[in-house]
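Student: Got a predicted model here, sequence first, then my questions.
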Amino acid sequence: MADPLVGQVNDKLRQTEQKVQEFFNTVNDVLSWIPDGFAQLTEADQQGLNALAEKIKEFWEGIRLIWEQPGDSTALREKSQRWADAVANPIGDIAGHIALNKLAANVEWTGRAAEAYKAMVPAQAEGLTNLKNLALQARNSLNNLANALDSFRMAMVVALGVFAVGIVSAIATACTVVGTAAAVALLAND
């Protein structure tokens, strides 16, 4: 089953990439209207645009590094349940069965060997209970990791949405020759 948060992040990544491309197209289109005789007036704009392109390239590289191995919160939750079902619960059942009051040896078996065995039972039950608790901690850790992964993905969705709003704003600002420098600065500082 596909993780819906992964799909949301992928959708936001595509939308953001389209908006970034739209921004560069808008700025290049506006700058293309300037006559060659005035090219020196837009030189700073072009340098800023080149620097912004480099920052955007670094941004996508960072996203690629994060997103190449996105993790699987559903699989983590399944594994956590397996820890409970295959390890913690059976160990807890066994620990419950070897308590002194549950053993037939407590009543039917007598002598030094029976006494020695009865002395060991509480330690065995405690050891099994500790193993059960350890398995439950592993289950909880896997669930916490899955929750953290989901939280990270939600944060990415929100951050990409905010970035997309900034890009739309920059596109609107870049629709004039005068606004291109401000638009480049706006995105370069986001």
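Tutor: Good, I have the coordinates.
Student: burial of residue 55, as a residue count?
Tutor: Residues near residue 55, counting by other CB atoms under 10 Å, number 13. Any C-beta I mention is one placed from the backbone N, CA and C, and that applies to glycine too.
Student: so what secondary structure elements neighbour the helix or strand hosting it?
Tutor: Using DSSP states H and E, residue 55 maps to helix 43-67. When contacts are defined as 3 or more CB pairs under 8 Å, 6 or more residues apart in numbering; DSSP states H and E, helix 43-67 sits against helix 4-32, helix 177-188.
Student: CSV for those helices, including distance to residue 150, mean pLDDT and mean neighbour count?
Tutor: Below are the helices and strands packed on helix 43-67 laid out as CSV (distance: least, CB to CB, whole Å; pLDDT from 0 to 100; neighbours: other CB atoms under 10 Å):
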stretch, distance to residue 150, mean pLDDT, mean neighbour count
helix 4-32, 6, 88, 16
helix 177-188, 29, 75, 19
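Student: Between those helices, which one is closest to residue 135.
Tutor: helix 4-32 (27.6 Å; CB to CB).
Student: Compute the inter-axis angle for the helix ranked longest in the chain and helix 4-32.
Tutor: Secondary structure of the chain per DSSP state H: the longest helix is helix 112-173. Orientation check (axes from the mean of the first three to the mean of the last three CA atoms, to 10 degrees): helix 112-173 against helix 4-32 gives 20 degrees.
Student: pLDDT of helix 112-173, averaged?
Tutor: The pLDDT scores in helix 112-173 average 89.
Student: begin at 432 from here
Tutor: Renumbered: residue one is now 432, and that last one reads helix 543-604.
Student: Would you check that residue 480 makes contact with residue 457?
Tutor: No. With contact defined as CB atoms under 8 Å, residue 480 and residue 457 do not form a contacting pair (11.0 Å).
Student: Starting from residue 475, give me the distance back to residue 506.
Tutor: With distances taken as CB to CB, to the nearest Å, residue 506 is found 51 Å from residue 475.
Student: residues contacting the residue lying farthest from the centre of the chain?
Tutor: Distance from the C-alpha centroid of the chain, by CA atoms, centre = their mean, peaks at residue 542 (60.4 Å). Listed by CB atoms under 8 Å, 6 or more residues apart in numbering, the contact set of residue 542 is empty.
Student: Dihedrals phi and psi, it?
Tutor: Main-chain torsions, residue 542, degrees, to the nearest 10: phi 110, psi -180.
Student: surely residue 526 meets residue 556?
Tutor: Yes. Counting by CB under 8 Å, residue 526 does reach residue 556; the two are 5.1 Å apart.
Student: Quick one: end-to-end distance for stretch 490-509.
Tutor: Distance across stretch 490-509, first residue to last, is 33 Å (CA to CA, to the nearest Å).
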